[in-house]
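# sharing a model that was predicted from the sequence below.
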Amino acid sequence: MGKIVEKVRLTNLVDPTKSAEVDAVVDAGATMLVLPKNVVERLGLPKVDEVRVRYANNSVETKEIFGVVTLQLQGRTGNFDVPAEAEGAQPLIGQIVMERLDLVIEPSTRRVTPNPRSPEMPMVEILTAVARGSRIKA
C-alpha cells in the first residue's frame, strides 16, 4: 500500500498552551501513538509509566510512557498516553488511535478518513451480551 503520512496536532491535555504539529506515519501494524523524545519534551508531558515494547525485528525494550496528549486528526480528537522513542524518530500512529477515533485508511488515495459508517462522530464498538434496556440479574 505504501507509506501513509498524516499531519496531526498534538496538545498537552493539562497545559493546552503546549502544542505541536507533526507529520506522523500511519501504520496499521503498530499498536499505539509513538512520539520522539524531543516532541514529548516540547509538549511538557510527564512520565506516567513504563512498558515493554516489541519491534518489527522481534527485539524487546523497556520504554517510558508519557501523557496525556490530545491528538487531532481528520477532525477527530482523542487523548492518549505515548511511549517515547529516540529524539528525531518518526512519530507513529497505530491501531489503538485509529480504532478510538474510528478512522480508516482509504487504499486508493492512501489517506486516512473518518469511517464512512460513522461520518459525524467516532463510533466505539462495545461487544457485550447485555442488550440495551435489559437487566443483569445478580
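Perfect, thanks for sending it.

# my read: L92 touches V25, true?
Yes: contact criterion C-beta atoms under 8 Å: L92 and V25 qualify, at 5.4 Å. Bear in mind the C-beta positions are built from the backbone N, C-alpha and C, glycine included.

# show me what contacts the one residue sitting closest to the centre of the chain?
Compute the mean C-alpha point of the chain, and by C-alpha atoms, centre = their mean the closest residue is V97, 3.2 Å away. Going by C-beta atoms under 8 Å, 6 or more residues apart in numbering, V97 touches 32-33, 71, 73, 78, 80, 103.

# one more time with 10 Å, if that's ok
Residues near V97 by C-beta atoms under 10 Å, 6 or more residues apart in numbering: 8, 24, 26, 30-34, 71, 73, 76, 78, 80, 82, 103, 112.

# and it, that one's in a strand?
No: counting by DSSP: H, G, I helix; E, B strand; the rest coil, one finds V97 to be helix, located in no strand.

# need the residues that contact stretch 44-56.
Here stretch 44-56 makes contact (C-beta under 10 Å, 6+ apart) with 10, 12-15, 17-18, 27, 29-32, 34-35, 39-40, 59-69, 81-85.

# okay, and which of those residues map to strands?
Mapping the contacts of stretch 44-56 onto strands (DSSP state E) picks out 10, 12, 35, 60-69, 81-85.

# of the residues you listed, just the buried ones, ChimeraX syntax please.
Applying 16 or more other C-beta atoms under 10 Å to these leaves a buried subset, and the ChimeraX line that selects it is:
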select :10,12,35,63,65,66,67,69,81,82,83,84,85
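
# what's M32 sitting at in phi/psi?
With angles defined as degrees, to the nearest 10, M32 sits at phi -110, psi 180.

# that one reaches I65, doesn't it?
Yes: using C-beta atoms under 10 Å, M32 is in contact with I65, at 8.9 Å.

# perfect, I'm done here.
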